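Asker: Take this sequence and fold it.
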Amino acid sequence: MAKIILVVLGLALAWWILKGYRRRVDRRDAPPAAGASGENMVQCALCGVHLPRSESLTSDGRAFCSADHRERHQAGKGPG
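Answerer: Numbers count the residues shown, from 1 in each chain. Sure, this is the predicted structure:
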């Protein structure tokens with residue numbers, strides 16, 4: 001009788017461990033939430049580098065990667 005109880009307890013423990021493992025794997029493989037999407041990217045009007053909108057400098061509706069590029073564009077000079 002004791003052997004049967006031990007086998008049942010062993011199977012229950014194995015089921016409980018596998019259930020927890022599967023829950024962790026499913027949670028890791030789940031797609032990110034809709035609100036966790038990435039930030040919008042913009043392109044520098046002078047050199048063409050792509051960067052996040054929050055890191056860009058804006059002037060006259062155009063995005064720039066640095067203050068130098070913004071000033072050069074306003075002065076009418078090209079890259080280089």
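
Asker: Grab the longest helix from this protein for me.
Answerer: helix 2-29 (DSSP state H).

Asker: can you tell me the average pLDDT over that one?
Answerer: Averaging pLDDT along helix 2-29 gives 91.

Asker: likewise stretch 59-79?
Answerer: Mean predicted confidence for stretch 59-79 is 87.

Asker: tell me which residues in that stretch are buried?
Answerer: For stretch 59-79, a neighbour-count test (16 or more other CB atoms under 10 Å) marks 62-66, 69-70, 72-73 as buried. Bear in mind the C-beta positions are built from the backbone N, C-alpha and C, glycine included.

Asker: rounded to a whole number, what's the mean pLDDT of the helix or strand following the longest helix of the chain?
Answerer: Heading C-terminal from helix 2-29, the first helix or strand you meet, by DSSP states H and E, is strand 41-43. Across strand 41-43, pLDDT averages out at 95.

Asker: Mean confidence (pLDDT) on whatever helix or strand comes next after strand 41-43, please.
Answerer: Once the chain leaves strand 41-43, the next helix or strand it forms, by DSSP H and E, is strand 50-52. Averaged over strand 50-52, pLDDT sits at 95.

Asker: Quick one: distance of strand 50-52 to the chain centre.
Answerer: 14 Å (CA atoms, centre = their mean, to the nearest Å).

Asker: Would you give the sheet partners of it, along with the direction of each?
Answerer: Here strand 50-52 has these sheet partners by DSSP bridges: strand 41-43 (antiparallel).

Asker: separation between the residue positioned nearest the centre of the chain and L11?
Answerer: What sits nearest the mean C-alpha location of the chain, by CA atoms, centre = their mean, is G38, with 5.9 Å. For G38, the distance to L11 equals 45 Å [CB to CB, to the nearest Å].

Asker: now swap in M1 and tell me
Answerer: M1 is 16 Å from L11, by CB to CB.

Asker: Next: R53.
Answerer: Look at R53 and L11: by CB to CB, they are 55 Å apart.

Asker: re earlier: neighbour count for M1 and L11, which is higher?
Answerer: Each of M1 and L11 has its neighbours counted (other CB atoms under 10 Å); L11 has more, 10 against 5.

Asker: Fine, thanks again, bye for now.
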